[in-house]
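**Q** Let me see the structure of the following:
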Amino acid sequence: MYIVTNLLSAIAEIIDIVLTLYMYVIIARALISWVNPDPYNPVVQFLYRITEPILNPLRRLVPSWKIGIDLSPMIAILIIVFLKRFLIPTLLMQAAYFR
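**A** Numbering: from 1, shown residues only. As a prediction, the model looks like this:
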């Protein structure tokens, strides 16, 4: 049973790290969008390429209002925080259940 416990613990830690890194990437993209970046910069292209699959569907669900504010990064961060607070403890509790 220790194999299942260790596997679930490792999966929980990896998901936690990936979600944290992705949250920082979304924050970086939001900050870069304020300064009108060069679209040919490789860093900017990487940030857009890695965040667009999540932000684009959120933009379609919550269109920007007349003030022109894109709320999709904030909604994506809230989803990530929810997953970190719900999914990670659930996996760790399941790992403890198999001990």
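
**Q** could you give the mean pLDDT of the lengthiest helix in the chain?
**A** The helix that spans the most residues within the chain, counting by DSSP state H, is helix 2-33. Across helix 2-33, pLDDT averages out at 95.

**Q** Distance from the chain centre to it, please.
**A** Distance of helix 2-33 from the chain centroid (CA atoms, centre = their mean, to the nearest Å) equals 8 Å.

**Q** Pull out the buried residues from it.
**A** 5, 8-9, 11-12, 16, 19, 22-23, 26, 28-30, 32 (16 or more other CB atoms under 10 Å). To be clear about C-beta, it is placed using only N, CA and C from the backbone, and glycine gets the same treatment.

**Q** Those residues into JSON lines, with extra columns for distance to V81?
**A** Output for the buried residues of helix 2-33, formatted as JSON lines (distance: CB to CB, whole Å):
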{"residue": "T5", "distance to V81": "26"}
{"residue": "L8", "distance to V81": "21"}
{"residue": "S9", "distance to V81": "21"}
{"residue": "I11", "distance to V81": "19"}
{"residue": "A12", "distance to V81": "16"}
{"residue": "D16", "distance to V81": "12"}
{"residue": "L19", "distance to V81": "9"}
{"residue": "Y22", "distance to V81": "12"}
{"residue": "M23", "distance to V81": "8"}
{"residue": "I26", "distance to V81": "11"}
{"residue": "A28", "distance to V81": "17"}
{"residue": "R29", "distance to V81": "17"}
{"residue": "A30", "distance to V81": "15"}
{"residue": "I32", "distance to V81": "21"}
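
**Q** R99: which of these is nearest?
**A** T5 (5.5 Å; CB to CB).

**Q** Hmm, the closest one is touching M93, no?
**A** No: taking contacts as CB atoms under 8 Å, T5 lies outside contact range of M93: 11.3 Å.

**Q** picking up where we left off before, which elements pack onto the longest helix of the chain?
**A** Helix 2-33 is packed against helix 42-61, helix 72-97, with contacts defined by 3 or more CB pairs under 8 Å, 6 or more residues apart in numbering; DSSP states H and E.

**Q** would you turn those into TSV with mean neighbour count, distance to N36 and mean pLDDT?
**A** Formatted as TSV, the helices and strands packed on helix 2-33 follow (neighbours: other CB atoms under 10 Å; distance: least, CB to CB, whole Å; pLDDT from 0 to 100):
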stretch	mean neighbour count	distance to N36	mean pLDDT
helix 42-61	13	10	93
helix 72-97	15	16	94
